[in-house]
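# Provided below are the primary sequence and the corresponding predicted coordinates.
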Amino acid sequence: MDELMRRRVYGADHDDPDPGSRPGHVYVELVGGPLDGLLLDVTGWPEERLAVGAALGTELGKFGAGGRAVYGPVAADPRRWAWEADSP
């Protein structure tokens, strides 16, 4: 868990002196694709939303600015979401 506590959180400002996770929050690790290694704060997300994943805005994917990276839960480890595709 200490390793996850030091990782950068998706959406944190690049200038943020502490872009890591916060105590009391729930995170999933993004695996693969343009956001590989980031943590996504899913604190308060309902189970239905956690079950389907998310399309996350990023300039790093195939579609550049305005594009999204689609991530979904890994069946064997719900604390990890795997990259599925890039979308416009």
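In hand now; what should we look at? On a predicted model such as this, the values are computed, not experimentally measured, just so you know.
# Let me see the residues that make contact with the longest helix along the chain.
In the chain, with assignment by DSSP state H, the single longest helix is helix 47-52. Here helix 47-52 makes contact (Cβ atoms under 8 Å, 6 or more residues apart in numbering) with 28, 42, 72-73, 78. All C-beta spots, glycine's among them, are computed from the backbone N, C-alpha and C.
# Please flag which of these sit within strands.
28, 72-73, 78 (DSSP state E).
# Dump those into TSV; add distance to Leu60 and neighbour count as well.
Formatted as TSV, the ones in strands among the contacts of helix 47-52 follow (distance: Cβ to Cβ, whole Å; neighbours: other Cβ atoms under 10 Å):
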residue	distance to Leu60	neighbour count
Val28	18	24
Gly72	18	15
Pro73	21	17
Pro78	25	11
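# Next, the contact list for Gly72, please.
Here Gly72 is in contact with 52-53, 81-82, 84 (Cβ under 8 Å, 6+ apart).
# So among those residues, which ones count as buried?
53, 81-82 (16 or more other Cβ atoms under 10 Å).
# Closest one to Gly33 out of those, please.
Ala82 (8.0 Å; Cβ to Cβ).
# May I have the distance across stretch 59-69, first residue to last?
Using Cα to Cα, to the nearest Å, the end-to-end distance of stretch 59-69 comes to 9 Å.
# before we move on, what about stretch 13-24?
20 Å.
# Find me the pLDDT at the most far-flung residue of the chain relative to its centre, would you?
Distance from the centre of the chain peaks at Pro17, with 19.4 Å (Cα atoms, centre = their mean). Note for Pro17: predicted pLDDT of 79.
# do Pro23 as well
90.
# tell me the contacts of it?
So Pro23 contacts nothing (Cβ under 8 Å, 6+ apart).
# That one - that's part of a helix, no?
No. Assigned with DSSP: H, G, I helix; E, B strand; the rest coil, Pro23 falls outside any helix and is coil.
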